[in-house]
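K.L.:
Okay, sequence plus prediction incoming.
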Amino acid sequence: MPGVERLLQAFLSPAIFVSAAALLLLSLNARLMGIVARLRQFHREQQQALRESRKDEAAALGQQIASVEERAEKIRRAFLCVLTSLCGTIITCLLLGLGLYWPTAQLLAIGLFILAVVSMLAGVLFYITEITVALSSVQEEARLLARIQSHPLRRTEDRGGENEPAEA
């Protein structure tokens, strides 16, 4: 049955591409979840700073939140591009199989596969841009922590809300 051999060969390249996309999605998902967890922590810290009238700290945290949200958006875009690529690749597999009986489907499969590869490339480029700014985000956080720790006053609960010098 030469038709079955050709069908399996037609499925092979896109199937390998599906595995690559799945691994990339796993990596993107882990990165996105880490960023989301960090954003939640920053939001809690900012709310705490606002409740305790530490406006400078809350403003600094707001800047950090904006920076991390930009990173999260890049990862979200990468995720969507790679998911689109994965869908295109799966449909390509179906079209290649159908192409054994309907030659036009093979041409559609080729065009769709090219679009899927371009979509994955776009996802990888978004991922690269996020990774290039990831270190700057950590450096911003270090400056924020240094600024917070160098602040001479801290709020105490046991003195009825009075400020006192921070203990060394």
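P.N.:
Alright, I've got the coordinates.
K.L.:
ok now do Q63, which residues does it touch?
P.N.:
Neighbouring residues of Q63 by C-beta atoms under 8 Å, 6 or more residues apart in numbering: E140, L144. For every residue, glycine as well, the C-beta is placed using N, CA and C.
K.L.:
Let me fix that, I meant to ask about R77.
P.N.:
G123, F126.
K.L.:
Packing partners of the helix or strand hosting A30?
P.N.:
For A30, the host element (DSSP states H and E) is helix 2-51. Helices and strands touching helix 2-51, by 3 or more C-beta pairs under 8 Å, 6 or more residues apart in numbering; DSSP states H and E, are helix 55-99, helix 103-149.
K.L.:
Would you mind giving the orientation angle of it with respect to helix 55-99?
P.N.:
170 degrees (axes from the mean of the first three to the mean of the last three C-alpha atoms, to 10 degrees).
K.L.:
tell me the average confidence for helix 2-51?
P.N.:
Helix 2-51 carries an average pLDDT of 84.
K.L.:
Report the separation between T104 and Q41.
P.N.:
Remark: distance between T104 and Q41 (C-beta to C-beta, to the nearest Å) = 54 Å.
K.L.:
Apart from its chain neighbours, what residue comes closest to Q106?
P.N.:
G99 (3.4 Å; C-beta to C-beta, 6 or more residues apart in numbering).
K.L.:
what's the pLDDT at the one you found?
P.N.:
Reported pLDDT for G99: 83.
K.L.:
For it, grab the count of nearby residues.
P.N.:
By the criterion of other C-beta atoms under 10 Å, G99 has 20 neighbours.
K.L.:
I figured it hits L112, correct?
P.N.:
No - at 11.4 Å, G99 and L112 do not qualify as touching, with contact defined as C-beta atoms under 8 Å.
K.L.:
and E52, what are its phi and psi?
P.N.:
Main-chain torsions, E52, degrees, to the nearest 10: phi -100, psi 10.
K.L.:
neighbours around it, how many?
P.N.:
Around E52 there are 15 residues (other C-beta under 10 Å).
K.L.:
ok, and for stretch 47-56, which residues are buried?
P.N.:
Within stretch 47-56, the residues scored as buried using 16 or more other C-beta atoms under 10 Å are A49, R54.
K.L.:
Return the distance of that stretch from the chain's centre.
P.N.:
29 Å (C-alpha atoms, centre = their mean, to the nearest Å).
K.L.:
Just the CA atoms of it, as CSV, please.
P.N.:
Extracted C-alpha coordinates of stretch 47-56, given in CSV (Å, rounded to 0.1, in the frame of the first residue of the first chain):
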residue,chain,number,x,y,z
GLN,A,47,-1.4,47.7,48.6
GLN,A,48,0.4,47.2,51.9
ALA,A,49,2.6,50.2,51.2
LEU,A,50,-0.5,52.4,50.4
ARG,A,51,-2.3,51.2,53.6
GLU,A,52,0.8,52.2,55.6
SER,A,53,1.1,55.6,53.8
ARG,A,54,4.5,54.8,52.2
LYS,A,55,3.8,56.6,49.0
ASP,A,56,7.3,56.6,47.7
